[in-house]
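Q: need a 3D model of the sequence below.
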Amino acid sequence: MSFDVQRTGRRCPVEPATRANYPLQRSLLALLIAASVAQSVRAAETPASDQTLIVDGNTGSDDAAQQAAQDYSVPITRAGTKMALTARDIPQSVTVVSKQRMEDQQLQSLNDVLHNTLGITGVSSDMDRTTYYSRGFPIDNFMVDGIPTTFASRWNLGDAQSDTALYERIEVVRGATGLMTGPGNPSAAINMVRKHADSKVFTGNVSASYGSWGKQRYVADLSTPLNSDGSVRGRLVAGYDDRNSFIERYGANKQFVYGVIDADLTDATTVSVGYEFSQVDTDSPMWSGTPRWYTDGTQIHSRRGYNTAPEWAYNDKENKKLFVNLKQNFDNGWNITLNGTHNEMFLDSKQIYLDGYFDKTSGLGVSQYANYPVVGGTGYNSGKRKVDAVDAFASGPYTLLGRQHELMAGVSYSRQDNKYYSSWTNISAEELGNYNRFNGDYPESDWGPRELTADSTTVRQKSVYLATRITLADPLHLILGARYTNWNRQTQLTGEELEKNNTTPYGGLIYDFADNWSAYASYTSVFQPQDYRDSTGAFLSPVIGKNYEVGVKSDWFDSRLTTTLSLFRTELDNVGEDTGQIIPGSQSTAYVAKDGVVSRGVEFEINGALSDNWQMSVGGTTYLAQDRDGNAYNSQLPRTSFNLFTRYRLPMLEQLTVGGGAKWQSHVWQDVGAPEGNGTWHASQGSYTLVDLFARYEVNKNLSVQANLNNLFDKEYDTWVGAYNVYGAPRNVSLSATYRF
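A: Predicted structure coming up:
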């Protein structure tokens, strides 16, 4: 979600109306863990599924399979085209974050994964909300098992807080992804691949973690056969995560449970049914950050732990997902996949934000806007997002003109109901008083009735898609495809309706010019409806454009190591840009459509096994994004960034694995409105590097202990460049123990 204090912070944050209170009992989880350990048995080999190697790290008669399960690379994926291909055969830049890498780096949420993924930039508007960007544009498509969910730019229902304990891997395809998702920005699509019950013997693991600021985390992941021959299997993942923060008074806890049953109806037919529940509650969260400037233009320099939130503030989220999956394989190599889901996400919050400039002596504030005597506000917000979706596709080989080719065809339907309610009050300079003495002690508002917001919508999408991989010659392959989408949005407050039909073409050419090397080129179009409105209150027309990419890829050691070098160019029209002005008669910011926005740049990545003992993921990106007039577009995003993480198992002491990484990003900046609309002021954050370390020791074949140290040099940095500051986490440490059986 994109949080902008000029529009969202003052007018409507987003959160559930009756505070959810269904905590998972820690005592039940403790019993589950104790029972699991008591029943631990020797693990057996885990079978592969859907041509993707899925092997639990504790299994092991097949040494090669066990080693592959500990790799950072994944040999086969359906990312990009929905055809089962190696990364080398996909004509786009693709990153797959494996289960092992998530374990090594302690990437415990989708938020953690994206902050450590090549080409992805997270802009955090406060402790709980982060908008992710790639190649200069916001990421708005988050998929689970290939089914996308989109969300309005003003609202955040906890997508990035999804716990990675539920997922086998995270797939990131950068650039335009219209063939997979239909509408969407030419940034990236994120796909979370769920864990499944893939073991015919009882197996699993339990873990406990403790760390800085009172962090404690407990997770159990158990798999077991449910009948004598293992044709019906079950898996349960449950966890509890409780932590405070370097921000005073702030605390958060997360509880989740996930269960799935996989049944082999025949040797060629598998059905899966699962349910996921998660709940995230936060106390005293800041809504935006701390004010950046005094009225004389000097910086305020609040300490990193300062919190503007009162004791009564909270932000709670609840997520319920029911899903079904059916896979049918045929003897001729064809297969059919059917995915269906019903998701409900709830949000409930009461919060306060400050949005002003303050006198250094008196502490009295003034607004950023002319003729608008407001320095903050409070909001009581609730929301519900309901998604019903089904996606079905078939893929397999066919023969034409003496050569074998691949074909993929599918249909999808989704209905997403977004309903948000808000009650808010403004805070004047006199009501706030002396900011220099403010410590979050502000009375809770006498809330009026919450009203349905203007961006409560129902969005329906119907799509048909098709792609084929044609072998033109032994080393030359052509991928052609298209997706037709009927997109309909109805505004619930006014009944306003907009319907668009769009066909998104996709084309890619791959040339295998050496045993391990390929060159590629791809093209796809861009179509993205917008939630932004112009000064008259009308929705902006959809963003349209083109996305080009060329590059070189290689893979080694049976795809255990992959490399990518890509050049990209995106051209867009009708891109919404914030005017900084209020739509008359509303509480929303007006936008204007800009043509001629261009993003162009280069990326590289090396990911996987350099040897059986050495894993590495390293990459960098640099790009230039400008509008037609040559002005920087989204200047608050770093134009150049670099990511590295590596781990090495010591041959002389095989029980010990050590590693670490670094993240570097270039200078960022943004011009924001000066006090009372008198020009603009320049906010900036210089380039910085964050360094992390980790070590793991295997006490025996079942038990391992691990330590992670983040932000080794305690770098102070700002994650939001605007009228306020949001500081990143200082140096912190976590210790964990995992028992596998």
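Q: quick one: the strands in the stretch 201-350 of the chain?
A: Taking DSSP state E, counting those that start in this stretch to define them, one finds strands in the stretch 201-350 of the chain at 203-211, 215-225, 232-244, 251-266, 269-283, 290-291, 314-329, 335-354.
Q: and for the stretch 451-600 of the chain?
A: In order along the chain, the stretch 451-600 of the chain carries the following strands (DSSP E, counting those that start in this stretch): 451-452, 457-473, 476-491, 497-514, 517-528, 543-556, 561-573, 575-582, 589-594, 597-609.
Q: show me the one of those strands that comes nearest Pro730.
A: For the strands of the stretch 451-600 of the chain, the distance to Pro730 is smallest for strand 597-609, at 29.0 Å, taking C-beta to C-beta. (Glycine included, C-beta is placed from N, CA and C.)
Q: ok, the closest one: who's next to it in the sheet?
A: Applying DSSP bridges to the sheet, strand 597-609 is found paired with strand 561-573 (antiparallel), strand 614-626 (antiparallel).
Q: just name the most buried of these.
A: Scoring these by mean neighbour count under mean count of other C-beta atoms under 10 Å gives strand 561-573 as the most buried, with a mean of 21.
Q: what about the helices in the stretch 1-150 of the chain?
A: For the stretch 1-150 of the chain, the helices identified by DSSP state H, counting those that start in this stretch occupy 10-11, 26-38, 63-69, 99-105, 110-115, in order along the chain.
Q: so what does Asp229 have for phi and psi?
A: phi -100, psi 0 (degrees, to the nearest 10).
Q: what number of residues lie near it?
A: Neighbour count of Asp229, defined by other C-beta atoms under 10 Å: 8.
Q: does the nearest residue to it once chain neighbours are set aside count as helix, strand or coil?
A: Ranked by C-beta to C-beta, 6 or more residues apart in numbering and with sequence neighbours excluded, the top spatial neighbour of Asp229 is Lys200, at 7.8 Å. Three-state secondary structure (criterion: DSSP: H, G, I helix; E, B strand; the rest coil) places Lys200 in coil.
Q: wait, Lys200 sits on Thr224?
A: No. At 9.2 Å, Lys200 does not count as touching Thr224 under the criterion of C-beta atoms under 8 Å.
Q: so what sits against both of these two?
A: Between them, Lys200 and Thr224 share these contacting residues under C-beta atoms under 8 Å, 6 or more residues apart in numbering: Arg233.
Q: so which of the strands of the stretch 451-600 of the chain comes closest to Arg169?
A: Arg169 lies closest, by C-beta to C-beta, to one member of those: strand 597-609, at 12.1 Å.
Q: any buried residues in the closest one, and which?
A: 597-601, 603-609 (16 or more other C-beta atoms under 10 Å).
Q: next one: stretch 435-448
A: 435, 438, 440, 442, 445.
Q: repeat for stretch 623-639
A: Buried residues in stretch 623-639, counted by 16+ other C-beta under 10 Å: 623, 625-627, 632-639.
Q: start to end distance for it?
A: Across stretch 623-639, the terminal residues are separated by 5 Å (C-alpha to C-alpha, to the nearest Å).
Q: what separates that stretch from the chain centre, distance-wise?
A: Offset of stretch 623-639 from its chain centre (C-alpha atoms, centre = their mean, to the nearest Å): 23 Å.
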